[in-house]
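>>> Pasting the sequence and the predicted model now:
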Amino acid sequence: MGAKDLKFNTKTIHGGQQPDAAYGAVMPPIYQTSTYAQSTPGEHKGYEYSRSANPTRTALENALASIEGGNYGLAFGSGLAAIDAVIKLLSPGDEVISTNDLYGGSYRIFKKIFEKFGIIFHFVGMQGVDAIKEKINVNTKLIWVETPTNPMMNIIDIRAVADLVEHTEIILAVDNTFATPYLQLPLHLGADIVMHSATKYLGGHSDTVVGALVVKDKELAERLYFIQNASGAICGPMDSFLVLRGIKTLHVRMQRHCENGRAVAEYLRSNPKIEKVYWPGFVDHPNHEIAKVQMNDFGGMISFVPKGGSYEDAIKIVERLQVFTLAESLGGVESLAGHPASMTHASIPKEEREKSGVVDALIRLSVGIEDVEDLIADLEQAID
């Protein structure tokens, strides 16, 4: 049976992997080395310097390609380093269309770093393709999609966006961090690049910072590999090992994240002290029908607003939580709570934030894999 024939749960454990050639180690060893012996100049066993390639990172990159249904994987020092590599495909004067509801760090690198080099960014609501179509012109080179979006959980139709740019030179990149390949496979829906903050669900244990890109096209992969090596924002062998370990349990963790996420979302919606709950599994959630088609479940990320809530109300709730930890990040086995306006999205101007719904009272939850009764009891005492 070829690797392409394996089902997803098997790919998380075996995809792109072989026992180590030296001693048959089942888990790829941590090759904690910067350089490699050569028999004569230019002749080596496939590795010469660990910025260019490292066996542990190669094992991770192969696993990433396998679970996303791609042909080439690239691992970076962080999710933002991976985004940085994608934007470096562009030139001054090129234009990017991005969703107006996206991770604050993505917005920051677009606006504060790359805009001053002459790259133009447009931020639009992508729940339909009309707003994207209006911004496309001869200078458009990249469309940047998050779905579900961070933190409003908006759903963007990847297939519809891919159809919109078919037969053009526009690259479609999808940040798949919230969904993971367990729930959604953007390359199968027509995307050119899939990006992950592997720090989150892929690593799954809040113990490393890694970014990832996966592509199908060889020429695009070669351009990105060049940028990866030339810019040097790679992840080390220990981080590679930790994410590879995390991937092996991705399927069982995501199953519990989804189960707990559903229970928490339904509890919050039934609580009279909660005004709004954002979770794509609700039948009245915008683009719920699209989520049903392009996702296998609805994930463990939820945002909500207390009734009549204010900045102070949100802060009181997150400070009272005892099982949920008030912290940046998401996707770990432990449940986390965050206040986007002052944490993950603080770099976005208030006026821009609020246009997309990121109000001061919004709270974002990353629902972990604990007993869900404990999570609900914790939310109840914090809200009451």
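Nice, I can see it. Computed from a prediction, not measured in an experiment: that's the story for all the values here. Numbering: from 1, shown residues only.

>>> Please identify the residue most distant from the middle of the chain.
T40 (42.1 Å; Cα atoms, centre = their mean).

>>> ok, what's across the strand from that one?
Note on T40: beta-bridge partners by DSSP bridges are E43.

>>> Make residue 1 into 16 and carry on from there
Yep, numbering from 16; the last one is T55 now.

>>> Which residue, neighbours along the chain excluded, lies closest to L204?
Distances taken as Cβ to Cβ, 6 or more residues apart in numbering put I173 closest to L204, at 4.1 Å, once the chain neighbours are dropped. In short, each C-beta sits where N, CA and C put it, glycine included.

>>> Likewise for A227?
H211 (4.3 Å).

>>> Could you confirm that neighbour falls within a strand?
Yes: counting by DSSP: H, G, I helix; E, B strand; the rest coil, H211 is found in a strand.

>>> Next, the contact list for it, please.
Residues near H211 by Cβ atoms under 8 Å, 6 or more residues apart in numbering: L79, G94, A97, D190, N191, T192, T195, L217, G226, A227, L228, V229.

>>> how many neighbours does the closest residue to V41 other than its chain neighbours have?
Closest residue to V41 apart from its sequence neighbours, by Cβ to Cβ, 6+ apart: P34 at 5.9 Å. For P34, the neighbour count with other Cβ atoms under 10 Å is 11.

>>> Equivalent analysis for the one 10 residues further on, please.
When counting by other Cβ under 10 Å, one arrives at 14 neighbours for P44.

>>> Show me this protein divided up by domain.
Under the assignment automatic domain parsing, the domains of the chain span 18-262, 265-398.

>>> Now that we have those domains, can you turn them into JSON lines and tack on mean pLDDT?
Shown next, in JSON lines, are those (pLDDT from 0 to 100):
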{"stretch": "domain 18-262", "mean pLDDT": "96"}
{"stretch": "domain 265-398", "mean pLDDT": "95"}
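
>>> any chance you could map the strands in the protein?
Ranges of strands in the chain, per DSSP state E, are 87-91, 110-114, 135-139, 155-161, 186-190, 208-212, 226-230, 289-293, 316-321, 340-341, 351-353, 378-381.

>>> packing partners for the last one?
Strand 378-381 is packed against strand 316-321, helix 326-335, strand 351-353, with contacts defined by 3 or more Cβ pairs under 8 Å, 6 or more residues apart in numbering; DSSP states H and E.

>>> Same question for the second one.
In this structure, strand 110-114 packs against strand 135-139, helix 145-150, strand 155-161, with contacts taken as 3+ Cβ pairs under 8 Å, 6+ apart.

>>> For the strands of the chain, give me JSON lines that also has distance to H272.
As requested, the strands of the chain are exported to JSON lines (distance: least, Cβ to Cβ, whole Å):
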{"stretch": "strand 87-91", "distance to H272": "23"}
{"stretch": "strand 110-114", "distance to H272": "23"}
{"stretch": "strand 135-139", "distance to H272": "29"}
{"stretch": "strand 155-161", "distance to H272": "18"}
{"stretch": "strand 186-190", "distance to H272": "18"}
{"stretch": "strand 208-212", "distance to H272": "15"}
{"stretch": "strand 226-230", "distance to H272": "19"}
{"stretch": "strand 289-293", "distance to H272": "16"}
{"stretch": "strand 316-321", "distance to H272": "9"}
{"stretch": "strand 340-341", "distance to H272": "16"}
{"stretch": "strand 351-353", "distance to H272": "12"}
{"stretch": "strand 378-381", "distance to H272": "8"}
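
>>> With D254 as the reference, name the closest of those.
Nearest to D254, of all those, is strand 87-91, at 8.2 Å by Cβ to Cβ.

>>> Which helix runs longest in the protein?
Ordering each helix of the chain by length in residues (DSSP state H) puts helix 265-285 first.

>>> Show me how far it is from its chain's centre.
18 Å (Cα atoms, centre = their mean, to the nearest Å).

>>> quick one: it to strand 289-293, angle?
Put simply, helix 265-285 runs at 150 degrees to strand 289-293, going by axes from the mean of the first three to the mean of the last three Cα atoms, to 10 degrees.

>>> then helix 265-285 to PDB, C-alphas only?
This file holds the C-alpha atoms of helix 265-285, laid out as PDB (Å, rounded to 0.1, in the frame of the first residue of the first chain):
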ATOM      1  CA  LEU A 265      -3.500  14.900  16.100                       C
ATOM      2  CA  HIS A 266      -6.500  12.800  15.100                       C
ATOM      3  CA  VAL A 267      -7.400  11.600  18.600                       C
ATOM      4  CA  ARG A 268      -6.900  15.000  20.100                       C
ATOM      5  CA  MET A 269      -8.900  16.800  17.400                       C
ATOM      6  CA  GLN A 270     -11.800  14.400  17.900                       C
ATOM      7  CA  ARG A 271     -11.900  15.400  21.600                       C
ATOM      8  CA  HIS A 272     -11.400  19.100  20.800                       C
ATOM      9  CA  CYS A 273     -14.400  18.900  18.500                       C
ATOM     10  CA  GLU A 274     -16.600  17.000  21.000                       C
ATOM     11  CA  ASN A 275     -15.800  19.400  23.900                       C
ATOM     12  CA  GLY A 276     -16.100  22.400  21.600                       C
ATOM     13  CA  ARG A 277     -19.600  21.500  20.600                       C
ATOM     14  CA  ALA A 278     -20.700  21.000  24.300                       C
ATOM     15  CA  VAL A 279     -19.100  24.300  25.400                       C
ATOM     16  CA  ALA A 280     -20.600  26.200  22.500                       C
ATOM     17  CA  GLU A 281     -24.100  24.900  23.200                       C
ATOM     18  CA  TYR A 282     -23.700  25.700  26.900                       C
ATOM     19  CA  LEU A 283     -22.700  29.300  26.200                       C
ATOM     20  CA  ARG A 284     -25.600  29.800  23.700                       C
ATOM     21  CA  SER A 285     -28.000  28.500  26.400                       C
END
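
>>> Can you tell me what sits against it?
23-24, 27, 82, 195-198, 216-217, 219, 289, 292, 294, 296-297, 312-317, 319, 348, 380, 382-385, 387, 390-391, 394-395.
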